[in-house]
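*Asks:* just the structure for this:
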Amino acid sequence: MLSQEELKSRALPLLKAEGSVFSKKLNVLARKAAAGETVATVTDSGLETVNEAEEGDYIIINKTEAGESYIVKPAAFHQKYTLIKSGEGGFDEYEPKGKIVALELSSEILERLALPETFWFEAPWKNPMKACLGDFLASPPDFSEVYRIARKEFFETYIPKA
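*Replies:* Residues are numbered from 1 along each chain as shown. Here you go, the predicted structure:
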């Protein structure tokens, strides 16, 4: 398994040089997490990662077919989302306002990164995360971390930033 630092050292030069900027096209559902709450992120392609919430974190549910959920730190959450309306069951609806830089994991990109078609790496939250041929590696515009977005969910969620 690659460490987050090793993945960043390999992927960030390519993301900076060849990545494209995208923004979310779908609103999300979110609520404050309970400290210690565990969230398994499951996409159409299976289990992606698991994360444990700390005090103040938010749980996000994407409005994709898979309805994948994940945890976001409070500072990033408030920077990336605007409340649209209060919802039922503790989840409110938010409009995304952030952007990412992403690069598709093609055979050529995987070869340039010296990675196999399926690999595991340490996610920014220190737990294992799976990535496969056809998925996307993504980073916030400050290039502080690298994570995976599953292919199907990427196309359901993101559009090129104009």
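*Asks:* for this protein, what spans make up the strands?
*Replies:* Secondary structure of the chain, counting by DSSP state E: strands at 20-24, 28-32, 38-43, 46-52, 58-62, 69-72, 81-85, 92-96, 99-104, 118-122, 128-132, 136-139, 147-149, 158-160.
*Asks:* how about these, which one is nearest Arg112?
*Replies:* Each of the strands of the chain has some distance to Arg112 by Cβ to Cβ; the shortest is strand 99-104, at 10.4 Å. Any C-beta I mention is one placed from the backbone N, CA and C, and that applies to glycine too.
*Asks:* flag every buried residue along the closest one.
*Replies:* By neighbour count with 16 or more other Cβ atoms under 10 Å, strand 99-104 contains the buried residues 100-104.
*Asks:* now the residues you listed in a markdown table, please, with extra columns for distance to Asp135 and pLDDT.
*Replies:* Listed next are these as a markdown table, based on distance: Cβ to Cβ, whole Å; pLDDT from 0 to 100:
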| residue | distance to Asp135 | pLDDT |
| --- | --- | --- |
| Ile100 | 14 | 96 |
| Val101 | 15 | 98 |
| Ala102 | 10 | 98 |
| Leu103 | 10 | 98 |
| Glu104 | 8 | 98 |
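*Asks:* hang on, the earlier thing: nearest to Lys8, of the strands of the chain?
*Replies:* Of these, nearest to Lys8 by Cβ to Cβ is strand 136-139, at 8.3 Å.
*Asks:* give the other helices and strands that that closest one contacts.
*Replies:* helix 4-18, strand 99-104, strand 147-149 (3 or more Cβ pairs under 8 Å, 6 or more residues apart in numbering; DSSP states H and E).
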